[in-house]
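[1] need a 3D model of the sequence below.
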Amino acid sequence: MRIAIMAAGAVGAYFGARLADAGHDVFFIARGAHLDAIKKNGLKIESTLGNTTIKNAKVTDDPKTVGPVEIVLFAVKLWDTEKAAEQAKPLVGPNTRVISLQNGIDSYDRIAPIVGKDNAVGGAAYIATVIASPGVISHTSPFARMVGGRMDGKDDAQLAAFADAAKKANIDIAVTKEINRELWQKFIFLSSLASITAGARQPIGAIMADADMKAFFRKLMEEVFAVGNATGAGVPGAYIEERMKFAAETAPKGMKASMAHDLERGNRLELEWLAGKVASLGRELKVPTPANEAAYALLKPYRMGKSA
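    Here you go, the predicted model:
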């Protein structure tokens with residue numbers, strides 16, 4: 001398949017590299033030092049599931065030089081959503097599917113008016129990755145999973161074909177008719193993980209080993225759960241306990257959310273679209289969110305990075 005990675009950050013580059021390894025025609029959209037390093041040395045993946053290097057990777061900072069593709073894996077930082085979607089328009093043809101793998105809960109609503117309602121697909125990525133250095137992606141989790149689906153729940157032949165291709169590339173992927181619920185389930189865990197690992201400056205292992213931090217983590221998730229179900233997400237009642245068990249028993253002890261890594265590096269934070277979004281939706285829906293409001297307030301001074 002002809003696939004574009006918009007953009008080749010930690011998440012997009014990992015899945016794009018696996019697809020390129022399997023022989024697909026993959027184009028990586030990157031910029032700055034990351035672009036230069038990939039051009040010079042290839043794209044290197046250091047992974048618990050096996051290392052690989054994509055030599056002579058097809059990388060550019062200009063989507064117009066690529067043209068329409070069958071699949072766009074859309075994985076940019078949340079503040080870049082609309083700008084990146086506009087830049088991605090040359091990649092989108094009548095049958096292109098743009099699968100958002102972003103962290104927030106409103107990505108589909110933000111990109112669909114730009115790339116087309118029928119082209120946009122809801123998606124979730126479950127993976128712990130970080131750009132270790134320009135051109136090098138570090139994948140530290142034992143899992144690397146994608147889930148996608150149309151927001152209207154309809155079957156989609158193009159999405160199904162991509163899922164088949166990804167499976168043959170040994171990517172753990174599923175297509176669901178309940179993508180809205182899937183997105184909320186991811187958001188419950190991810191936004192709470194971001195708040196606690198960034199706010200406490202601690203990995204999940206240390207958080208789950210401390211009674212106070214563990215209780216705060218649960219409270220964060222409970223609030224997002226309540227907000228999500230107030231919108232009609234229909235997340236099962238047992239989900240919080242399942243995520244707490246995962247955090248305690250399965251997740252790598254050193255795992256942190258990408259926002260915690262960004263905080264450590266002095267980068268801009270996705271705070272407005274994570275704890276900030278929970279708090280704003282809570283006010284709108286009259287669902288109390290004091291833990292998320294506290295996390296937002298404590299991290300707000302750092303939201304714009306070192307320049308703030």
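
[2] how about low-confidence regions in the stretch 201-308 of the chain?
    Counting by pLDDT under 70, the stretch 201-308 of the chain shows low-confidence ranges at 307-308.

[3] which residue ranges of it form strands?
    Listed in chain order, the stretch 201-308 of the chain contains no strands at all (DSSP state E, counting those that start in this stretch).

[4] once you drop chain neighbours, what's closest to Ile204?
    Closest residue to Ile204 apart from its sequence neighbours, by Cβ to Cβ, 6 or more residues apart in numbering: Met255 at 4.8 Å. C-beta: built from backbone N, CA, C; applies to glycine.

[5] actually, Glu222.
    Once flanking residues are discounted, Glu222 sits nearest to Ile240: 6.0 Å by Cβ to Cβ, 6+ apart.

[6] how about that neighbour, what does it touch?
    Going by Cβ atoms under 8 Å, 6 or more residues apart in numbering, Ile240 touches 188, 218, 221-222, 225.

[7] export the residues you listed to TSV and tack on distance to Lys306 and neighbour count?
    Formatted as TSV, the contacts of Ile240 follow (distance: Cβ to Cβ, whole Å; neighbours: other Cβ atoms under 10 Å):
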residue	distance to Lys306	neighbour count
Ile188	30	27
Arg218	32	18
Met221	30	25
Glu222	33	15
Phe225	34	24
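
[8] quick check: the two most widely separated of these?
    Distance extremes for these: the farthest pair is Ile188 and Arg218 at 11.1 Å, using Cβ to Cβ.

[9] including distance to Gly276, could the contacts of Ile240 go into CSV?
    Putting these into CSV (distance: Cβ to Cβ, whole Å) gives the following:
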residue, distance to Gly276
Ile188, 16
Arg218, 20
Met221, 16
Glu222, 18
Phe225, 17
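
[10] ok, so of the residues you listed, who is nearest Ala295?
    Of all those, Met221 has the smallest distance to Ala295: 11.8 Å, by Cβ to Cβ.

[11] count of residues packed around the closest residue to that closest one other than its chain neighbours?
    Excluding its sequence neighbours, the residue lying closest to Met221 (Cβ to Cβ, 6+ apart) is Ser192, at 4.5 Å. Number of residues near Ser192 (other Cβ atoms under 10 Å) recorded here: 30.

[12] doesn't Val227 make contact with Ser192?
    No - at 11.5 Å, Ser192 does not count as touching Val227 under the criterion of Cβ atoms under 8 Å.

[13] against Ala30, how distant is Arg145?
    From Arg145 across to Ala30, the span is 23 Å (Cβ to Cβ, to the nearest Å).

[14] more neighbours: which of these two?
    The neighbour comparison of Arg145 against Ala30 (other Cβ under 10 Å) goes to Ala30, with 25 against 13.
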